[in-house]
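Trainee: Quick one, fold the following:
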Amino acid sequence: MIDRIKWGGTKLAILDQRLLPDKITYLTVRTPQETALAIKDMVTRGAPLIGCTAAYGYALTLKGSKPASWQAAASLLEKSAATLKAARPTAIALAYAVDRLHGKAKSFIEAGKNKTLTPDDLKKLAALIDKEAQAVYQEDVDANERLSELGAKLIKPGSSVMTVCNAGALATAGMGTALGVITRAFEKGRVRHVYSLETRPYLQGARLTMFELMQSKIPAQLITDNMAAHIMKTCGVSAIVAGADRIAANGDTANKIGTYMLGVLAKYHGIPLYIAAPKPTFDLSIPDGDHIPIEERSSREVTEIRGQRITPKGATARHPAFDVTPGKLIAGIITEYGVISPVNRANVKKIIG
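Mentor: Predicted coordinates:
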């Protein structure tokens with residue numbers, strides 16, 4: 001799979017996923033503010049990947065600015081952290097990565113604040129942040145690999161599976177979460193066919209998941225979101241695998257809008273719904289899905305497709321970008337530390353807490 005982000009030390013090249021699959025183009029950012037805008041504008045997307053992108057964006061803070069004091073450095077980094085965390089509110093991996101790097105930076109600043117800040121101090125601080133950003137990236141690569149192996153074992157040989165949005169390599173630093181499970185299961189002869197929901201309004205399933213499935217030569221067909229129930233009923237779907245943007249302490253899961261619909265349909269048809277997500281996706285500070293903030297994006301993303309209006313002029317629309325699937329509708333949450341099943345508070349704590 002093509003590089004999603006390319007770290008250059010003083011700049012970050014981000015694959016512009018808005019243009020896929022037609023064009024492979026990179027947007028270069030040199031500041032945390034430019035990184036945050038790229039995340040907000042969906043240049044890059046996918047919870048694990050925006051976490052990694054935000055980590056490198058935070059590392060850019062000290063590349064173009066040389067604060068003269070410890071206080072100035074702390075203030076600069078604080079602003080960067082706040083800007084990046086505000087880029088998208090639902091995906092907790094973004095906040096996890098930024099808070100992790102910011103915590104390291106604050107500890108370094110606290111240890112040195114009683115002496116004069118030197119250029120060597122700044123160099124060491126920047127190197128510390130760079131190293132931690134790389135660790136966030138590599139940990140996601142490793143987590144993808146482990147959870148994909150675990151998840152593949154849950155898929156019965158010869159299965160047709162369904163997925164929504166894009167939770168593959170294009171959404172992560174590694175091989176993917178939900179699509180990583182599907183890919184590894186295909187390699188083991190357990191998946192014979194994949195149904196990818198188009199995932200309106202941003203069409204991540206149509207543009208990105210189909211792109212990845214075709215690259216991997218996995219037999220797949222695209223379906224519109226409102227075909228899901230019919231396909232489940234008539235085409236022998238064995239499992240549904242989806243990713244996640246934030247998971248509450250009780251296992252309630254926020255993912256791309258439409259996942260909750262699949263959970264309800266899967267329950268009715270007796271099909272297991274699996275969620276694949278690494279540990280940074282969990283937010284154990286919130287008790288349940290009612291406390292997960294749901295990002296409301298521009299209605300123009302619903303009334304237009306790539307700038308072409310598809311509604312009567314003046315029509316308005318809603319655009320909640322995510323929904324929450326209750327844990328009781330989820331057969332298992334696949335993590336790098338094990339599979340949470342049944343999905344409840346005690347088992348989340350056992351595996352993740």
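
Trainee: only C-alpha atoms for contact and neighbour calcs from this point on.
Mentor: Fine.

Trainee: Quickly list the domain ranges of the chain.
Mentor: 5-145, 150-351 (automatic domain parsing).

Trainee: Export the ones you listed to TSV and append columns for mean pLDDT and mean neighbour count.
Mentor: Formatted as TSV, these follow (pLDDT from 0 to 100; neighbours: other CA atoms under 10 Å):
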stretch	mean pLDDT	mean neighbour count
domain 5-145	96	20
domain 150-351	97	20
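
Trainee: can you give me the helices for the stretch 1-150 of the chain?
Mentor: 32-40, 47-59, 70-85, 92-112, 119-152 (DSSP state H, counting those that start in this stretch).

Trainee: need those in a markdown table with distance to Gly258, can you?
Mentor: Converted to a markdown table, the helices of the stretch 1-150 of the chain look like this (distance: least, CA to CA, whole Å):
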| stretch | distance to Gly258 |
| --- | --- |
| helix 32-40 | 21 |
| helix 47-59 | 16 |
| helix 70-85 | 25 |
| helix 92-112 | 19 |
| helix 119-152 | 22 |
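
Trainee: Which of those sits closest to Ile286?
Mentor: helix 92-112 (11.4 Å; CA to CA).

Trainee: got the angle between that closest one and helix 47-59?
Mentor: 30 degrees (axes from the mean of the first three to the mean of the last three CA atoms, to 10 degrees).

Trainee: For the stretch 151-300 of the chain, which segments count as helices?
Mentor: Counting by DSSP H, counting those that start in this stretch, the helices of the stretch 151-300 of the chain are 178-187, 204, 210-215, 228-234, 259-269, 300-303.

Trainee: ok, and what's touching the first one?
Mentor: Translated: helix 178-187. By CA atoms under 8 Å, 6 or more residues apart in numbering, the surrounding residues in contact with helix 178-187 are 144-145, 147-153, 155, 161, 163, 166-169, 191-192, 209, 216, 218, 241-243, 275-277.

Trainee: Adding distance to Lys66, write the helices of the stretch 151-300 of the chain out as a markdown table.
Mentor: Below are these laid out as a markdown table (distance: least, CA to CA, whole Å):
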| stretch | distance to Lys66 |
| --- | --- |
| helix 178-187 | 41 |
| helix 204 | 39 |
| helix 210-215 | 41 |
| helix 228-234 | 54 |
| helix 259-269 | 45 |
| helix 300-303 | 39 |
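
Trainee: Compare those helices and give me the one nearest Ile2.
Mentor: helix 210-215 (10.3 Å).
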